[in-house]
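> Okay, sequence plus prediction incoming.
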Amino acid sequence: MGNFTGYQCSVCGKTLNSDYKGYVCPECGGNLNVILDYEQIKNTVKPEDIFASSEKSLWRYLPLLPVSDPGFEGTALHSAGFTPVYKSEPLAQKSSVKNLWIKDEGRNPTASFKDRASAILIARAKEIGAQIIATASTGNAGAALAGMAAASQWKAIIFAPKTAPQAKIAQLLIFGAKVILVDGNYDSAFDLSVEACDKYGWYCRNTGYNAFTAEGKKTAAFEIWEQILCKNKSEKPLNIFVSVGDGNIISGIHKGFKDLHELGWLPVMPRIFGVQSEKSAAIFNAWAAHTETITPVNATTIADSISVDLPRDGVRAVRAATETNGAYIAVPDESIYEGIAELGKIGVFAEPAGATAFAGMKKAIAMDIIGEEDDVLVVNTGSGLKDIRSAMIAAGQAPIIAPTMDALEKFLSE
Ligand SMILES: *Cc1c(COP(=O)(O)O)cnc(C)c1O
Ligand SMILES: [Zn+2]
């Protein structure tokens with residue numbers, strides 16, 4: 001916490017002290033960036049210290065975080081992050097790129113990227129003495145908060161659309177959160193949760209609203225740095241593909257790389273590519289129109305985790321691509337199902353939003369944005385077990401035969 005010195009508004013640039021009690025900029029409503037004291041970090045820690053850490057979770061990056069260690073060692077809260085990266089030769093060859101890695105966020109304790117943010121939010125809640133944390137969620141942010149809260153015996157209240165996939169709702173209930181299903185979409189759950197937090201004094205974890213979620217999500221960038229960039233040492237930038245809904249994951253990853261760059265620990269900044277479904281493309285639209293003004297859409301994609309009318313972190317999400325020489329890609333939902341099937345064939349089970357990033361990479365290759373000499377990393381943001389309905393559509397049906405050798409032989413010969 002000692003390295004956390006305050007906030008700066010991402011829109012108007014206003015700075016605020018670290019004891020500011022609000023969530024967004026009091027002047028313009030913009031999202032706040034957490035400011036860290038890079039000099040102090042540089043004086044107290046070296047990359048080698050981090051590489052030597054025995055902590056196999058995002059807490060290995062504690063010196064670069066704006067919170068102190070919340071404790072709860074040996075629980076799910078203390079094992080969020082530090083997910084594996086898989087290198088796939090077959091998929092690299094098939095896709096015609098030099099190297100291809102998949103970072104599998106499905107391996108987090110509640111099976112999505114959101115555990116990173118929720119773990120940090122519990123630490124922050126503990127520091128400020130907030131006893132109840134509430135969030136709006138399409139499903140995963142809620143499951144992550146509920147899971148991390150259960151691990152630390154905190155209280156969580158979750159607002160989710162009643163149409164969220166069953167597996168995600170089951171997680172919320174199993175983790176013992178107070179679950180409020182809203183007869184409306186994610187955007188309506190978001191607005192209601194903000195009003196409720198104001199009225200009842202609950203600590204609001206909402207994505208693209210609470211400044212600390214991006215600080216949790218940035219730890220994925222630290223891992224990519226440690227797991228790939230420090231080992232591979234390529235002069236060419238790594239091309240990172242990530243799916244985008246509210247735009248907080250992509251903003252968080254961008255922040256992580258900016259932290260490392262400020263510290264002088266990252267010579268070559270990666271290029272960051274945001275991928276949206278054509279049926280939920282508000283940030284893609286803004287990027288394509290060369291503006292930071294986000295115009296809401298009517299989102300209808302099957303990738304529920306990125307189905308957002310009005311993205312809450314759009315400005316920073318646009319910048320993650322423009323400031324790193326990346327781009328935005330919009331893909332049809334059919335290619336998301338294809339992506340689930342293709343990732344499955346290298347042993348990665350992705351939910352639709354996770355496969356969206358992969359579909360975007362394929363499209364970027366087809367558009368010649370990515371070429372044969374490029375290194376690519378795709379972030380699978382969530383496990384396929386989160387949404388088996390979509391998985392079954394992607395996989396097709398299994399044959400059913402009579403339990404006889406005759407039937408088997410007939411089937412095999414067909
Ligand atoms: C939340 C989520 C996303 C999108 O993250 P944003 O911060 O909303 O852009 C992508 N994939 C999965 C699986 C998610 O849960
Ligand atoms: Zn502002």
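Right, received. Where do you want to start? Ligands and ions are numbered 1, 2, ... in the order given.
> Kindly report the residues of the stretch 151-300 of the chain close to ligand 1.
Within the stretch 151-300 of the chain, the positions adjacent to ligand 1 are 207, 243-249 by CB under 6 Å from any ligand atom. Glycine gets a C-beta too; all of them are placed from N, C-alpha and C.
> Switch those over to CSV; also include pLDDT.
CSV is the format used below for these (pLDDT from 0 to 100):
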residue, pLDDT
207, 95
243, 98
244, 98
245, 97
246, 97
247, 98
248, 98
249, 98
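> Can you pick out the most distant pair from those residues?
207 and 243 (13.6 Å; CB to CB).
> Please identify which of the two sits among more neighbours.
More crowded of residue 207 and residue 243, by other CB atoms under 10 Å: residue 243, with 32 against 29.
> Need the residues that contact the lowest-mean-pLDDT helix or strand in the chain.
Ranked by mean pLDDT, DSSP states H and E, the weakest helix or strand in the chain is helix 230-232, scoring a mean of 93. For helix 230-232, contacts defined as CB atoms under 8 Å, 6 or more residues apart in numbering pick out 47, 51, 99, 238, 375.
> Give me the neighbour count for residue 105.
So residue 105, with other CB under 10 Å, has 27 neighbours.
> no wait, residue 93
Residue 93 has 10 nearby residues by other CB under 10 Å.
> Can you tell me the SS state at it?
helix (DSSP: H, G, I helix; E, B strand; the rest coil).
> residue contacts, it?
With CB under 8 Å, 6+ apart, residue 93 has no contacts at all.
> What about residue 385, how many residues nearby?
When neighbours are counted by other CB under 10 Å, residue 385 registers 12.
> Starting from residue 151, give me the distance back to it.
From residue 385 across to residue 151, the span is 19 Å (CB to CB, to the nearest Å).
> Over to residue 116?
Distance, residue 116 to residue 151, using CB to CB: 14 Å.
> ditto for residue 301
As for residue 301, its distance to residue 151 is 31 Å (criterion: CB to CB).
> Is the most centrally placed residue in the chain in a helix, a strand, or coil?
By CA atoms, centre = their mean, the chain has its centre lying nearest to residue 249, at 3.9 Å. Here residue 249 is recorded as helix under three-state DSSP.
> Pretty sure it sits against residue 255.
No: judged on CB atoms under 8 Å, residue 249 makes no contact with residue 255 at a distance of 10.7 Å.
> joint contacts of those two?
The contact sets of residue 249 and residue 255 overlap at residue 217 (CB under 8 Å, 6+ apart).
> can you tell me the helix or strand for residue 188?
helix 186-200 (DSSP states H and E).
> Can you dump the C-alpha atoms of that helix in PDB for me?
Extracted in PDB, the C-alpha atoms of helix 186-200 (Å, rounded to 0.1, in the frame of the first residue of the first chain):
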ATOM      1  CA  TYR A 186     -26.200  -6.400 -17.700                       C
ATOM      2  CA  ASP A 187     -26.400  -2.600 -18.200                       C
ATOM      3  CA  SER A 188     -29.600  -2.500 -16.100                       C
ATOM      4  CA  ALA A 189     -28.000  -4.600 -13.400                       C
ATOM      5  CA  PHE A 190     -25.000  -2.200 -13.400                       C
ATOM      6  CA  ASP A 191     -27.200   0.900 -12.900                       C
ATOM      7  CA  LEU A 192     -29.200  -0.700 -10.200                       C
ATOM      8  CA  SER A 193     -26.100  -1.900  -8.300                       C
ATOM      9  CA  VAL A 194     -24.500   1.600  -8.300                       C
ATOM     10  CA  GLU A 195     -27.700   3.000  -6.900                       C
ATOM     11  CA  ALA A 196     -27.900   0.300  -4.200                       C
ATOM     12  CA  CYS A 197     -24.300   0.800  -3.200                       C
ATOM     13  CA  ASP A 198     -24.900   4.500  -2.800                       C
ATOM     14  CA  LYS A 199     -28.000   4.000  -0.700                       C
ATOM     15  CA  TYR A 200     -26.800   1.200   1.500                       C
END
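> Many thanks, I have nothing further to ask.
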